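Asker: Got a predicted structure here, sequence first:
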Amino acid sequence: MSHAAPYDPIETASPESLRALQLERLRWSVAQAAQSQHYARLFADLGLGPESVRSLDDLRRFPLTTKQDLRDNYPFGPLAVPRDKVVRMHHSSGTTGMATAVFHTMGDVDRWAALVARCLHMVGLRPGDVFQNMMTYGLFTGGLGLHYGAEKLGALVIPMGAGNSHRQIEFMRIFETAAVHIIPSYALALLGTFEEMGVDPKRDLRLRFAVGGAEPYTEGTRQRLQGMWGVPFYNCYGLSEMCGPGVAFECPEQQGIHIWEDSYIAEILDPESGEPVAEGDEGELVLTSLTREAMPLIRYRTRDVTSFVTEPCACGRTHRRLTRIHGRTDDMFILRGVNIFPMQIERVLMSMPEVGHNYLIVLDRDGYSERLTVKVEVTPDLFRGEVDELLRLQERIAHALRDEILVRPGVELVEPGSIPRREGKAVRVVDEREKT
Ligand code: ADP
Ligand code: ZN
């Protein structure tokens, strides 16, 4: 190991022993799932059960579970324990339609916290460190998920929640915060508040690292955040249906996120055919929980697009890595027949230093023709500068975007801070094509 010893020896277990553990736990998880109304019916119809699992390949005999299945059985159909064993409920944020309820037993809450503690330990959090959690608390799992994990590790947790930017920065200064957990679009927005308050995060704070997740962001955005905050930003991935944050987490190598294979089985499938993609190719991440009591899910379609990193990691951990999540299959929009992911646009914008920290993609119609406009905040200097320079930048952005997405967008340069931002996950696309 090139870094400190792992929090849990399982992190460096041999791939063979990990696979053996997965097989044993998969049998348990299928048996547990069969306790729920939803899976009991499904497995009975298909003649499946724990005895159908003789090797890990047998997982492919089970059908995929979709968000729609959870909606159709809302709220208690997927619950696999008596209701008096449930101690916690979360609800996904509903970014893409009606949300789903997710239940936890005390054991689930403990195992989730241990997994998050493992993640935070991996990137250097230690007992006594001050951990400022800037994620929304409540039904959203980003708040309590990291909170319990950091506490379990023995950190001093400040449950700030999102927003209240002046106070966030004051607290970071006064309490010498060592690490923050923050939504990346909010981390960009806070840069404006640092400037306003005359606080230089590199000079005036004792921060060692930041954890960013809950929404997609590009490597360029990460580079920008690291440059301006002056600390490493580690990528944290998770979803409510699989507990929440901590499913996969970046190690200090920053070359992909380790998916914790003692707790989840990851598959990457072609979203159209449902067949596995070739090793290393991109596809939809499908997850099976291995230790969840209250709401085990078998082959859950996350709709998140990623690929496996095929080489072993230099950090010495044996759990496989996923590449940065590029967004969800349903983030993709189609404009004049061309498929476009918002992250393609972010990649172009965040590589340009003149571009500020926020942007918005607007789709509407101009007569019969569909139109794409990208509103881009520029840096304060540029905004106060020469019109010529702004026009040149506008042209450069339009050109670079045309190269990336094959459609020439309209580009509107706007004042820094003028695009409204929400406290939670950023909304990157406004689609007004139906209205116009
Ligand atoms: P909702 O599905 O309603 O947004 P969740 O809060 O459960 O509710 O969000 C989980 C989703 O957030 C993931 O499926 C993924 O699309 C996105 N997400 C979470 N972490 C990351 C990350 N690090 N990178 C990219 N996307 C992420
Ligand atoms: Zn690693």
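Answerer: That came through, no problem. Ligands and ions are numbered 1, 2, ... in the order given.
Asker: Chain neighbours aside, what residue packs nearest to residue 35?
Answerer: Nearest in space to residue 35, with sequence neighbours left out and distances taken as CB to CB, 6 or more residues apart in numbering, is residue 80 at 4.1 Å. The way it works is simple: take the backbone N, C-alpha and C, and place the C-beta from them, glycine included.
Asker: Near residue 162, how many other residues are there?
Answerer: 20 (other CB atoms under 10 Å).
Asker: I figured it hits residue 132, correct?
Answerer: No - the pair residue 162 / residue 132 is not scored as a contact, 11.5 Å apart, by CB atoms under 8 Å.
Asker: what's the closest non-adjacent residue to residue 300?
Answerer: Excluding its sequence neighbours, the residue lying closest to residue 300 (CB to CB, 6+ apart) is residue 65, at 4.8 Å.
Asker: Identify the residues contacting the one you found.
Answerer: Shown in contact with residue 65 (CB atoms under 8 Å, 6 or more residues apart in numbering): 297-301.
Asker: Tell me which of those fall in strands.
Answerer: When strands are assigned by DSSP state E, the members of those inside them are 300-301.
Asker: any idea which of the contacts of residue 65 is closest to ligand 2?
Answerer: The shortest approach to ligand 2 among those belongs to residue 300, at 24.6 Å (CB to the ion).
Asker: Take stretch 325-340, keep the C-alpha atoms, and write them as CSV.
Answerer: Output of stretch 325-340 as CSV, limited to C-alpha atoms (Å, rounded to 0.1, in the frame of the first residue of the first chain):
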residue,chain,number,x,y,z
ILE,A,325,-20.2,8.8,-13.6
HIS,A,326,-21.1,10.8,-16.7
GLY,A,327,-24.7,11.3,-15.8
ARG,A,328,-27.8,9.3,-16.2
THR,A,329,-29.2,7.7,-19.3
ASP,A,330,-32.2,10.0,-18.7
ASP,A,331,-30.2,13.2,-18.5
MET,A,332,-29.5,12.8,-22.2
PHE,A,333,-31.6,15.0,-24.4
ILE,A,334,-32.2,14.8,-28.1
LEU,A,335,-32.0,18.0,-30.1
ARG,A,336,-32.7,17.9,-33.8
GLY,A,337,-32.0,14.1,-33.7
VAL,A,338,-28.6,14.5,-31.9
ASN,A,339,-28.1,12.8,-28.5
ILE,A,340,-26.5,15.2,-26.0
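Asker: Show me what counts as buried in it.
Answerer: 325-329, 331-333, 335, 340 (16 or more other CB atoms under 10 Å).
Asker: Stretch 23-32 now?
Answerer: Using 16+ other CB under 10 Å as the test for burial, stretch 23-32 gives 23, 25-32.
Asker: same deal with stretch 50-65?
Answerer: For stretch 50-65, the neighbour count (16+ other CB under 10 Å) marks 53, 58-59, 62, 65 as buried.
Asker: Give the buried residues for the helix or strand hosting residue 120.
Answerer: Using DSSP states H and E, residue 120 maps to helix 106-122. In terms of neighbour count (16+ other CB under 10 Å), helix 106-122 has its buried residues at 108-109, 111-122.
Asker: can you list the residues you listed in CSV and add pLDDT and distance to residue 388?
Answerer: Shown next, in CSV, are the buried residues of helix 106-122 (pLDDT from 0 to 100; distance: CB to CB, whole Å):
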residue, pLDDT, distance to residue 388
108, 98, 59
109, 98, 59
111, 98, 59
112, 98, 55
113, 98, 56
114, 98, 58
115, 98, 54
116, 98, 51
117, 98, 54
118, 98, 53
119, 98, 48
120, 98, 49
121, 98, 52
122, 98, 49
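Asker: got these as TSV, with distance to ligand 2 columns?
Answerer: As requested, the buried residues of helix 106-122 are exported to TSV (distance: CB to the ion, whole Å):
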residue	distance to ligand 2
108	26
109	27
111	22
112	21
113	22
114	19
115	16
116	17
117	17
118	12
119	12
120	15
121	13
122	8
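Asker: thinking again about what came up before, mind listing what the residue nearest to residue 35 touches?
Answerer: 32-36, 39, 293-296.
Asker: ok, these vs residue 183, which is closest?
Answerer: residue 295 (24.9 Å; CB to CB).
Asker: Could you check the pLDDT of the closest one?
Answerer: Note on residue 295: pLDDT of 98.
Asker: how close does residue 395 sit to residue 410?
Answerer: 12 Å (CB to CB, to the nearest Å).
Asker: Same drill for those two, tell me which one is more crowded.
Answerer: Taking neighbours as other CB under 10 Å, residue 395 and residue 410 compare with residue 410 leading, 14 against 11.
Asker: Please tell me I have it right and that one contacts residue 372.
Answerer: Yes - shown here, residue 410 and residue 372 form a contact pair, counting by CB under 8 Å, at 6.9 Å.
Asker: Just give the nearest non-adjacent residue to residue 413, would you?
Answerer: Going by CB to CB, 6+ apart, residue 413 has residue 378 as its nearest residue, at 5.1 Å.
Asker: And the one you found, its phi and psi?
Answerer: According to degrees, to the nearest 10, the main-chain angles of residue 378 amount to phi -110, psi 170.
Asker: Could I get the pLDDT score of whatever residue of the stretch 251-400 of the chain ends up closest to ligand 1?
Answerer: In the stretch 251-400 of the chain, the residue that lies nearest ligand 1 is residue 325 (3.6 Å; CB to the nearest ligand atom). Reading off the confidence values, residue 325 has pLDDT 95.
Asker: what sits against it?
Answerer: Taking CB under 8 Å, 6+ apart, we find residue 325 in contact with 216, 237, 285, 304-306.
Asker: and the buried residues of stretch 325-340 as TSV, adding distance to residue 356 and secondary structure?
Answerer: Formatted as TSV, the buried residues of stretch 325-340 follow (distance: CB to CB, whole Å; DSSP: H, G, I helix; E, B strand; the rest coil):
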residue	distance to residue 356	secondary structure
325	24	coil
326	23	coil
327	21	coil
328	26	strand
329	29	helix
331	22	helix
332	25	coil
333	23	strand
335	24	strand
340	22	strand
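Asker: Output those of these also counted as contacts of ligand 2.
Answerer: Counting by CB under 5 Å from the ion, the subset of the buried residues of stretch 325-340 that neighbours ligand 2 is empty.
Asker: Please identify which of these is nearest to ligand 2.
Answerer: Minimum distance to ligand 2 across the buried residues of stretch 325-340 is 16.8 Å, recorded for residue 325 (CB to the ion).
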